[in-house]
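**Q** only geometry, no sequence info:
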Ligand code: 4AD
Ligand code: MG
């Protein structure tokens, strides 16, 4: 009977067949050990010469690291390790013999591993990261659906910019008109809420970032959410509940993976709503106490975020940034018109920004003035202005960067390991 390694616990003493790869091999005399990986998990097959026919024995001894194999055997409990199962092999077949697998057991530098990303993805650590990523995606869809958000797919080719215009990827396919790869689906979701009320998108976005930091990719995955009749405070409550749910779901379903990644799960267990909140003005005071020389109306840099989040055990919202450092569409704070009703959510343990969000400007004249202040084309944004002419409502939304969430939850230093095939300023391959 074919099965998967993750199901071996249900088949103790049965004879089963596993199809996969040998990620490690070892043999001595008349016994060979094949460390198998089949996508669902990892298990050892013990091949004793006396238990198999000649063809199987020669297949087992011929098996090299990363060869593909099919192994049949009896499932047994590991004599010492609780929850670990083995196969006592009765037959082994070599599907394809791998010669000289380039990734060895010795330490490799990040460039070598990234050049071999197509193979490095097979490493247990990378398997674990992708499975955590999948759990985050899954939890997001579940939570959003359970809270009345439906998925709306925003376009990737756009005639306008949503965020910083200096980070646009251009194409001239459309002749006279420049088209850009989207930076965020937000503006389109703002249109959709007048149809569906609450929605989200989830897809690749592009930023021609000229920064080579551990937090920046040029192509990454964003989940944008948008909701009608939701104002600033409720926007933050939605975010904290979503993030707490995601972390809980990962803790519940990805224990083995977090263990492989040697992630200390204690800090993750503390991620429960409500999260901490500081206004930007309060954050500046705090940062200065911590030794920073940040100015009153400055944006927070990565170092400031790291410094701040090390002070807190839960994620931290920084609200009401100066309007001058944020996007044109954010609504001004009625109590202080130099500031906007926005918040960045910073992940603890030094990780920094994982979400950017705000209440949106819903007044036609004010939005028009903002577009002009930002030198954005009124013509290209005519449709967006229309949303403020026909049944405008208070509304808010936010976007999370999937790779930043994965890096934080997995405890990884750099976002490049969190996406299957990273695109960075200096990396397009493989
Ligand atoms: O803060 P950002 O730029 O916000 C927006 O794009 C809004 N339109 C979202 C919205 O309100 N619907 O980006 C959102 C998140 C950031 O908090 C960060 O997690 C991630 O996207 N992000 C990046 N992740 C990896 N590499 C980059 N270059 C990123 N830039 C932003
Ligand atoms: Mg941001």
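**A** Perfect, I can see it now. All values derive from a computational prediction rather than experimental measurement. Ligands and ions are numbered 1, 2, ... in the order given.

**Q** dump the residue contacts of the closest residue in space to residue 172 that isn't next to it in sequence.
**A** The shortest distance from residue 172 to any non-neighbouring residue, by CB to CB, 6 or more residues apart in numbering, is to residue 178 (6.5 Å). C-beta: built from backbone N, CA, C; applies to glycine. Contacts of residue 178 were listed using CB atoms under 8 Å, 6 or more residues apart in numbering, and they are 159, 170-172.

**Q** same thing with residue 267?
**A** Taking CB under 8 Å, 6+ apart, we find residue 267 in contact with 313, 348-349.

**Q** pLDDT score assigned to it?
**A** You'll see residue 267 listed with a pLDDT of 97.

**Q** so for stretch 199-213, what's the average pLDDT?
**A** For stretch 199-213, mean pLDDT is 93.

**Q** Tell me which of the contacts of residue 267 fall in strands.
**A** Applying DSSP state E to the contacts of residue 267, no entry is found in strands.

**Q** Please produce a markdown table containing the residues you listed, extended by neighbour count.
**A** Formatted as a markdown table, the contacts of residue 267 follow (neighbours: other CB atoms under 10 Å):
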| residue | neighbour count |
| --- | --- |
| 313 | 13 |
| 348 | 22 |
| 349 | 15 |
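
**Q** Could you check stretch 259-275 and say which residues are buried?
**A** Judged by neighbour count (16 or more other CB atoms under 10 Å), stretch 259-275 contains these buried residues: 260-261, 263, 265, 267-268, 271, 275.

**Q** Also stretch 390-401?
**A** 392, 395-401.

**Q** cool, stretch 226-246 as well?
**A** Within stretch 226-246, the residues that count as buried by 16+ other CB under 10 Å are 226-228, 230, 232, 235-236, 238-246.

**Q** do the same with stretch 284-294
**A** Of all the residues in stretch 284-294, those buried under the rule 16+ other CB under 10 Å are 284, 287, 292, 294.

**Q** now swap in stretch 117-129 and tell me
**A** So, applying 16+ other CB under 10 Å, buried residues of stretch 117-129: 117, 119-120, 126-129.

**Q** List the contacts of the nearest residue to residue 264 once chain neighbours are set aside.
**A** The spatial neighbour of residue 264 that comes closest, neighbours along the chain excluded (CB to CB, 6+ apart), is residue 411 at 7.0 Å. Contact analysis of residue 411 by CB under 8 Å, 6+ apart lists 261-264, 349.

**Q** rerun that using 7 Å as the cut-off
**A** Applying CB atoms under 7 Å, 6 or more residues apart in numbering to residue 411 gives the contacts 261, 263-264.

**Q** mind checking how far it is from residue 29?
**A** To residue 29, residue 411 is 41 Å away according to CB to CB, to the nearest Å.

**Q** again, but for residue 246
**A** Counting by CB to CB, the gap from residue 246 to residue 29 is 50 Å.

**Q** So which bits of this protein are right by ligand 1?
**A** Contacts of the chain with ligand 1, taken as CB under 6 Å from any ligand atom, map to 162-163, 183-184, 186, 207, 209, 216-217, 220, 222, 224, 353-357, 397-401, 403-404, 415.

**Q** Show me these that map onto helices.
**A** Mapping the residues of the chain next to ligand 1 onto helices (DSSP state H) picks out 186, 403-404.

**Q** Quote the end-to-end distance of stretch 400-416.
**A** End-to-end distance for stretch 400-416, by CA to CA, to the nearest Å: 17 Å.

**Q** Would you mark the buried spots in stretch 11-23?
**A** 16, 18-23.
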